[in-house]
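1. got a predicted model here, sequence first, then my questions.
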Amino acid sequence: MLIEVVASLLILVVVLLTIPVTATFQVSTQKDVQSYVDLRWLFGLARLRRALFQSEDNDRDGEEVTQNIGTFARLTRKKNLLAAMRKRAFRRRILRFIADSWRAIQKRNVNLRLRIGLGDPADTGQLWAIVGPLTGMLANVHAASFEIEPDFFDTTFEFDGSGAIRLFPIQMIYLTVGLLLSPAFWQGLKQLKSGR
């Protein structure tokens, strides 16, 4: 009896995970643009709409993002957090995961613009060595527009995005499990922790 109940619950969970989630979003670091995400599941029966930034807090949010980018730049110089990305197997595995996940997502009128700088040309150059090829891959995506720019002199993080995406949770779980079972992924994490 217990086995039947557990099996029924597992089947129910799997069925629920095959129902797609739709997300409509508009995100911006500009204070005059309202940022929100609208999630729909179970064919619209379950819905969650959330404002991402309150307008009166936008200046403070922008300052916090800039401070976080500055902290990331300092950690990059001290602990060499980009060391893992220098490993070809780890880099390929991460890029493959991103590409597979992006192909699994159905996109409608997705527009993304990102400008990022770490405050030091050398650190930004290392980051761009990773982001640059990804930009080339994303340039060929249909139903979406991408613009990613480096800022080699200032600590910068500007992001604008809008559109709608649709994904199947079970497919994303499958891709994530595949990443977590990859030896190259764990070797890269080990490299990142050691900082060598």
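-> Thanks, I have the structure now.

2. beta partners for the residue nearest to residue 46 when sequence neighbours are not counted?
-> What sits nearest to residue 46 in space, not counting adjacent residues and going by C-beta to C-beta, 6 or more residues apart in numbering, is residue 40, at 7.1 Å. In short, each C-beta sits where N, CA and C put it, glycine included. Following DSSP bridges, residue 40 is listed with bridge partners residue 22, residue 47.

3. residue 40 reaches residue 25, doesn't it?
-> No. Look at residue 40 against residue 25 with C-beta atoms under 8 Å: they stay out of range, at 11.8 Å.

4. ranges for the helices of the chain?
-> For the chain, the helices defined by DSSP state H occupy 2-17, 58-79, 88-104, 121-138, 169-180, 183-194.

5. which one of those lies closest to residue 146?
-> Each of those has some distance to residue 146 by C-beta to C-beta; the shortest is helix 121-138, at 4.3 Å.

6. how about the residue nearest to residue 46, what does it touch?
-> Contacts here follow C-beta atoms under 8 Å, 6 or more residues apart in numbering; on that basis residue 40 touches 21-24, 46-47.

7. if we can go back for a sec, now the helices of the chain in TSV, with mean pLDDT and distance to residue 153?
-> Shown next, in TSV, are the helices of the chain (pLDDT from 0 to 100; distance: least, C-beta to C-beta, whole Å):
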stretch	mean pLDDT	distance to residue 153
helix 2-17	89	46
helix 58-79	54	12
helix 88-104	86	26
helix 121-138	76	7
helix 169-180	93	34
helix 183-194	78	27
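
8. my guess is residue 108 meets residue 25, correct?
-> No. Under the criterion of C-beta under 8 Å, residue 108 makes no contact with residue 25, lying 11.3 Å away.

9. wait, which of the helices of the chain is closest to residue 148?
-> Among the helices of the chain, helix 121-138 sits nearest to residue 148 (C-beta to C-beta), with 4.7 Å.

10. by contact count, what packs against that closest one?
-> Secondary-structure packing of helix 121-138 (3 or more C-beta pairs under 8 Å, 6 or more residues apart in numbering; DSSP states H and E): helix 58-79, helix 88-104, strand 106-118, strand 144-150.

11. helix 121-138 and the third one, what's the angle between them?
-> Counting by axes from the mean of the first three to the mean of the last three C-alpha atoms, to 10 degrees, strand 106-118 points 170 degrees away from the direction of helix 121-138.

12. got the angle for strand 106-118 vs strand 144-150?
-> Using the same axes, to 10 degrees: strand 106-118 against strand 144-150 is 10 degrees.

13. listing partners with orientation, what would you give for strand 106-118?
-> Strand 106-118 is paired, per DSSP bridges, with strand 144-150 (parallel), strand 155-167 (antiparallel).

14. CA atoms of the shortest one as CSV?
-> Only the C-alpha atoms of strand 144-150 are listed here, as CSV (Å, rounded to 0.1, in the frame of the first residue of the first chain):
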residue,chain,number,x,y,z
ALA,A,144,15.6,37.0,-29.7
SER,A,145,18.0,40.0,-29.9
PHE,A,146,21.2,40.3,-27.8
GLU,A,147,23.6,43.1,-27.3
ILE,A,148,26.5,42.6,-24.8
GLU,A,149,29.2,45.3,-24.5
PRO,A,150,32.3,45.4,-22.3
